[in-house]
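K.L.:
What follows is a protein structure lacking sequence information:
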């Protein structure tokens, strides 16, 4: 297995408040990594560092290194639009644009200048299939995406990320606003995608982390306490804090 | 954070230990009844076995319920799994104690061999002590103690072999002792089985503490 993404001594400050205290972590080319920990532990902040989403927040200082393939994504020469195509993100609230399902999915490709109708059609079908929603929407691709249910909207958002052919998909509590059936559909989608993509997901749902992830990382107070195979973390973690958190003793 | 789960876990933990003490007592009584040729005590053991079986079922049901309702992980999961596995070992120990009681009833009135009975008495005491010590190791979650107790099965095995040899020798020399000695051999093998089950409980205590499934005295 080869490593695709590595963070080295990653620190992040909101003003003077140190939210990440030197995170060293690496991610393989495929598989799902779950980031868990109580609110405020830094897991979402860490996730957002991985495609420079924190750039948009004023007063943030980041030090250390995030290596994607051979480049440091924080190098001044990085094109963040390109970066976010390669490392896409799905958010907690489904956030489709207020236009058709079709236009949502091809949005990134149009931005990149793709005009060829056949190419766009093919991308729509492929992405919606990968996101496991094609069968539900194939006959109404030109309906407004906002007319879909929350779970369907979220899968359209996943398709939108997939359409630009990323290598890494970041999910920030992507199922926490969904009902159990929709969550399950998203989980199934992720399980199908894990063989071809690096998936990193922040979740508060322990059962979800244990069901779908290959690796689990536990964060606490801005530190990475423990990262290991999910089975190991949920059956016999090395650290007492991990044990206490995932068995519900705090957090 | 105090969890409802902790209270329930404490409950099944206490029930398990209590059942262990019942089993230990039953073994003690069974050996005593055999040595004393006490048919009444033996019958009591046979009758009381149902209570131990009932305990086992209750503990199993409670464990399943806790797994379903709380979905325990890590050390919580290991505790429940340990109880679930060890409770069957305890129940089987009690079954062997009941078999000893049955042998007591069958053997009564036949020619005795005091020398072998003394050995059986020693073997019975050692096995009962192993049960008690293993329960103490469980209560303290002490896997080192569990390994030490499990190692004591070697001496029990020695006594078992001695009793076998002596029993056969007596049968060869004095046909009058055949029925009695056959009983001795059976009781010795039941006690040996109990010793092996104590070792199994020790393996689950090691699992409880380390997460490793091992074979003690393999």
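P.N.:
Looks like it arrived, so ask away. Keep in mind it's a predicted model, so treat the numbers as computed, not measured.

K.L.:
Please work out the residue of the stretch 101-250 of chain A nearest to chain B and name it.
P.N.:
Proximity of the stretch 101-250 of chain A to chain B (CB to the nearest CB) peaks at residue A:236, 3.4 Å away. Every C-beta, even on glycine, is put in place using the N, C-alpha and C of the backbone.

K.L.:
who touches that residue in this structure?
P.N.:
Contact analysis of residue A:236 by CB atoms under 8 Å, 6 or more residues apart in numbering or on different chains lists B:74, B:78, B:210-211.

K.L.:
So which of these is the closest to chain A?
P.N.:
When these are compared for distance to chain A (CB to the nearest CB), residue B:211 comes out closest, at 3.4 Å.

K.L.:
can you pull the contacts of the most centrally placed residue in chain B?
P.N.:
Residue closest to the mean C-alpha point of chain B, counted by CA atoms, centre = their mean, is residue B:93 at 3.5 Å. Residues in contact with residue B:93 (CB under 8 Å, 6+ apart) are B:23, B:27, B:131, B:194, B:197-198.

K.L.:
if I look at it, how far off is residue A:199?
P.N.:
Plainly put, residue B:93 is 49 Å away from residue A:199 if you go by CB to CB, to the nearest Å.

K.L.:
where in the chain is pLDDT low?
P.N.:
As the question left the chain open, I've gone with chain A. Applying pLDDT under 70 to chain A picks out residues A:1, A:251.

K.L.:
ah, no, chain B please
P.N.:
The model of chain B has pLDDT under 70 over residues B:1-2, B:218.

K.L.:
Helices of the stretch 101-250 of chain A, start to end?
P.N.:
Ranges of helices in the stretch 101-250 of chain A, per DSSP state H, counting those that start in this stretch, are A:101-111, A:117-130, A:134-137, A:150-163, A:180-193, A:206-212, A:230-235, A:240-246.

K.L.:
possible to save those helices as CSV with mean neighbour count?
P.N.:
Formatted as CSV, the helices of the stretch 101-250 of chain A follow (neighbours: other CB atoms under 10 Å in any protein chain shown):
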stretch, mean neighbour count
helix A:101-111, 21
helix A:117-130, 16
helix A:134-137, 16
helix A:150-163, 25
helix A:180-193, 17
helix A:206-212, 19
helix A:230-235, 19
helix A:240-246, 20
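
K.L.:
Looking at those, which is nearest to residue A:144?
P.N.:
Among the helices of the stretch 101-250 of chain A, the nearest to residue A:144 by CB to CB is helix A:101-111 (7.9 Å).

K.L.:
Now residue A:64: phi and psi?
P.N.:
Residue A:64 adopts backbone torsions of phi 100, psi -160, taken as degrees, to the nearest 10.

K.L.:
who's in contact with it?
P.N.:
Neighbouring residues of residue A:64 by CB under 8 Å, 6+ apart: A:7-11, A:22-23.

K.L.:
Tell me the one of those residues nearest residue A:217?
P.N.:
Nearest to residue A:217, judged by CB to CB, of the contacts of residue A:64 is residue A:23 at 9.1 Å.

K.L.:
check contacts around the closest one.
P.N.:
Applying CB under 8 Å, 6+ apart, the residues near residue A:23 are A:7, A:9-10, A:42, A:46, A:64, A:223-224.

K.L.:
when you check the residues you listed against the strands, which ones overlap?
P.N.:
Residues of the contacts of residue A:23 located in strands (DSSP state E): A:7, A:9-10, A:64, A:223-224.

K.L.:
Could you tell me which residues of chain B lie near chain A?
P.N.:
Proximity of chain B to chain A (CB under 8 Å from any CB of the partner chain) is limited to residues B:1, B:3, B:5, B:71-78, B:210-211.

K.L.:
make it 6 Å
P.N.:
By the rule CB under 6 Å from any CB of the partner chain, the part of chain B lying against chain A is B:1, B:73-76, B:211.

K.L.:
hmm, which of the residues you listed are the buried ones?
P.N.:
Among those, those that count as buried by neighbour count (16 or more other CB atoms under 10 Å in any protein chain shown) are B:73-76.

K.L.:
Only whichever of the contacts of residue A:23 are buried, select them in PyMOL.
P.N.:
Restricted to buried positions by 16+ other CB under 10 Å, the PyMOL selection for the contacts of residue A:23 reads:
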select buried, chain A and resi 7+10+42+46+64+223+224
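
K.L.:
Would you mark the buried spots in stretch B:74-91?
P.N.:
So for stretch B:74-91, counting by 16+ other CB under 10 Å, buried means B:74-87, B:89-91.

K.L.:
With secondary structure and neighbour count added, can I get the contacts of residue B:93 in TSV?
P.N.:
Shown next, in TSV, are the contacts of residue B:93 (DSSP: H, G, I helix; E, B strand; the rest coil; neighbours: other CB atoms under 10 Å in any protein chain shown):
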residue	secondary structure	neighbour count
B:23	helix	27
B:27	helix	28
B:131	helix	26
B:194	helix	30
B:197	helix	26
B:198	helix	30
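
K.L.:
Pick out whichever of those residues sits closest to residue A:120.
P.N.:
Using CB to CB, the contacts of residue B:93 come closest to residue A:120 at residue B:197, 69.3 Å.

K.L.:
Hmm, the closest one is touching residue B:89, no?
P.N.:
Yes - look at residue B:197 against residue B:89 with CB atoms under 6 Å: they come within range, at 4.6 Å.

K.L.:
what do these two both touch?
P.N.:
Counting by CB atoms under 6 Å, 6 or more residues apart in numbering or on different chains, residue B:197 and residue B:89 have no contacts in common.

K.L.:
Between all of the buried ones among the residues of chain B next to chain A, which two are separated the most?
P.N.:
B:73 and B:75 (8.5 Å).

K.L.:
What residues does chain A have near chain B?
P.N.:
A:234, A:236-237, A:243, A:246-247, A:249-250.
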